[in-house]
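In: Here is my input, please return the structure:
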Amino acid sequence: MVVKWILRVFAILVILLTLFPYLSFNQWYVRIWDFPHLQIALLTLFAIALYFIKFNLKSKSDYAVVLALTGCFLFQSVKIYPYTAFADKEMGNASANVTTSLSVYAANVLQKNKKVEAVVKDVSKYQSDVVLLTETNERWKNAVVNKLEAAYKHSFLVPKENTYGMLLFSKYPLYETKVKYLVEDTIPSIHTKVIIDTKDTIQLFAIHPAPPTPQHNPSSVDRDAEMMKITQLTRETEYPVIVLGDFNDVAWSETTALFQRVSGLLDMRKGRGFFNTYNANSWLMRWPLDHVFTSADFRVMQIERGADIGSDHYPFYAKLSLEPKLAEEQKLPPPSKEEVAKAFEQISEKETSQTAGH
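Out: Below you'll find the model as predicted:
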């Protein structure tokens, strides 16, 4: 009987972990459960198998528990299925003999990381057209600029000591480049236009919003508001768009899903794999936090997760073809009025909290 109760408590815990992210609270201890859907799915499967050890064919409560666990497993599976190789690709493959392309490389280097050469080696391996390094301070700027400036003639550097510094390098000219503080005056984002060799202009946004953790931010309001403000900017531009960086959010969360629906940007992971970039120090607790989202003008030529660079993140690399004539084939449906209203609500929630703070 004791074993049965232990199994039931374990089953209830799994069910609660499944439901927790859908509570309408922004506190970190709720939002953090957006991340491990794959792990919870496997834990739920384990709980089902374990429960059958003491399953009583005559017990209605046993049937109820197993049915609830099965529902949780199916629910978790539906959330992560689009990011498996079995699902349809949201972003199509590049056409044969494509002539216009752009490659991007994004890496959270971990500010205290001393392995500068590992980062430089990985950047050099991919020879990406655009490189974004986040969590970079003055030490990182001084260490990498002289090693990368020969290959990258154009750069925009925003080093900071608070783990939100950003270094942007480009082989192509950067135009109308600005640093903006969309949510907090300590957390920058870089907004620029990249003019590639075919004279096409690409609108690029580099972001690194604060995560919902007790040491950074007790709620997800700041992160969510910054992502929603970026959706406004992507909707206003006339150019093909790339948004990249450490989002501190997983691809399957409600916030990122809303970000996609409102911005219309595509997720190249869908139909190709997880490409988990965090946590590099744990083989079990890993999920995709670093992203490259693009407008429908782009298609995928290559995606890779970079090497171990001594950080708690792996780099993320993508080579993209620019094929605007095929954009209609993969455009997402326009957002509903309710979705746009929800995005504005998340922005206003942050603005209200700032006003209350003053």
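In: Tell me how many other residues crowd residue 44.
Out: When counting by other Cβ atoms under 10 Å, one arrives at 25 neighbours for residue 44. C-beta: built from backbone N, CA, C; applies to glycine.
In: Next one: the residue lying closest to it once chain neighbours are set aside from residue 287, what distance?
Out: Using Cβ to Cβ, 6 or more residues apart in numbering and skipping the chain neighbours, the partner closest in space to residue 44 is residue 73 (4.3 Å). Using Cβ to Cβ, to the nearest Å, one gets 18 Å for the distance from residue 73 to residue 287.
In: same thing with residue 224?
Out: From residue 224 across to residue 287, the span is 18 Å (Cβ to Cβ).
In: swap in residue 172?
Out: Residue 172 is 32 Å from residue 287, by Cβ to Cβ.
In: Residue 64 too?
Out: For residue 64 relative to residue 287 (Cβ to Cβ), the value is 31 Å.
In: Compare the two (neighbour count), which wins?
Out: It is residue 287, of residue 64 and residue 287, that has more neighbours when counted by other Cβ under 10 Å, with 22 against 11.
In: so the more buried one touches residue 250, yeah?
Out: Yes - taking contacts as Cβ atoms under 8 Å, residue 287 lies within contact range of residue 250: 5.0 Å.
In: Now list whatever residues contact both of the two.
Out: Residues touching both residue 287 and residue 250 by Cβ atoms under 8 Å, 6 or more residues apart in numbering: residue 35.
In: Could you list the low-pLDDT ranges of the chain?
Out: Residue ranges of the chain with pLDDT under 70: 1, 3, 21-33, 213-219, 350-358.
In: quick one: the strands in the stretch 51-200 of the chain?
Out: 101-108, 130-134, 154-158, 166-170, 174-180, 189-195 (DSSP state E, counting those that start in this stretch).
In: Quickly compare these and say which is most buried.
Out: strand 130-134 (a mean of 27; mean count of other Cβ atoms under 10 Å).
In: chain center to that one: distance?
Out: The chain centroid and the centroid of strand 130-134 are separated by 15 Å under Cα atoms, centre = their mean, to the nearest Å.
In: Which other helices and strands does it contact?
Out: strand 101-108, helix 138-148, strand 166-170, strand 201-207, strand 241-246 (3 or more Cβ pairs under 8 Å, 6 or more residues apart in numbering; DSSP states H and E).
In: Could you point out which of the strands of the stretch 51-200 of the chain sits nearest residue 306?
Out: Set against residue 306 and scored by Cβ to Cβ, the strands of the stretch 51-200 of the chain come closest in strand 101-108, at 6.5 Å.
In: Each with direction, which strands does the closest one pair with?
Out: Strand 101-108 has its sheet partners listed here by DSSP bridges as strand 130-134 (parallel), strand 316-322 (antiparallel).
In: With distance to residue 106 added, can I get the ones you listed in a markdown table?
Out: Formatted as a markdown table, the strands paired with strand 101-108 follow (distance: least, Cβ to Cβ, whole Å):
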| stretch | distance to residue 106 |
| --- | --- |
| strand 130-134 | 5 |
| strand 316-322 | 5 |
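In: Out of the ones you listed, which is closest to residue 259?
Out: So among these, strand 316-322 is nearest, using Cβ to Cβ, at 16.8 Å.
In: Name the residues that touch the closest one?
Out: 94-95, 98, 100-107, 126, 128, 196, 198, 200, 202, 240, 242, 244, 268, 275, 277, 290-292, 294, 297-306.
In: Just want the angle from that strand to strand 241-246.
Out: For strand 316-322 against strand 241-246, the angle by axes from the mean of the first three to the mean of the last three Cα atoms, to 10 degrees is 180 degrees.
In: Restricting to C-alpha, output strand 316-322 in CSV.
Out: Provided in CSV are the C-alpha atoms of strand 316-322 (Å, rounded to 0.1, in the frame of the first residue of the first chain):
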residue,chain,number,x,y,z
PHE,A,316,24.1,28.2,-33.2
TYR,A,317,25.0,28.5,-36.9
ALA,A,318,22.6,28.9,-39.9
LYS,A,319,23.3,29.5,-43.6
LEU,A,320,20.3,30.9,-45.4
SER,A,321,19.3,31.6,-49.0
LEU,A,322,17.4,34.8,-49.8
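In: Tell me how far that strand lies from the chain's centre.
Out: In terms of Cα atoms, centre = their mean, the centre of strand 316-322 is found 16 Å from the chain centre.
In: can you pull out the helices in the stretch 1-150 of the chain?
Out: In the stretch 1-150 of the chain, the helices defined using DSSP state H, counting those that start in this stretch lie at 2-19, 28-31, 37-51, 60-80, 116-126, 138-148.
In: buried sites along the fourth one?
Out: Within helix 60-80, the residues that qualify as buried by neighbour count (16 or more other Cβ atoms under 10 Å) are 62, 65, 66, 68, 69, 72, 73, 75, 76, 79, 80.
In: just the third one next, same as before
Out: Residues 37, 38, 39, 40, 41, 43, 44, 45, 47, 48, 51 are the ones in helix 37-51 that count as buried (16+ other Cβ under 10 Å).
In: Show me which of those residues is closest to residue 121.
Out: Nearest to residue 121 among these: residue 38, at 29.9 Å, using Cβ to Cβ.
In: that older thread, now the strands of the stretch 51-200 of the chain as JSON lines including distance to residue 234?
Out: Converted to JSON lines, those look like this (distance: least, Cβ to Cβ, whole Å):
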{"stretch": "strand 101-108", "distance to residue 234": "16"}
{"stretch": "strand 130-134", "distance to residue 234": "17"}
{"stretch": "strand 154-158", "distance to residue 234": "19"}
{"stretch": "strand 166-170", "distance to residue 234": "18"}
{"stretch": "strand 174-180", "distance to residue 234": "14"}
{"stretch": "strand 189-195", "distance to residue 234": "11"}
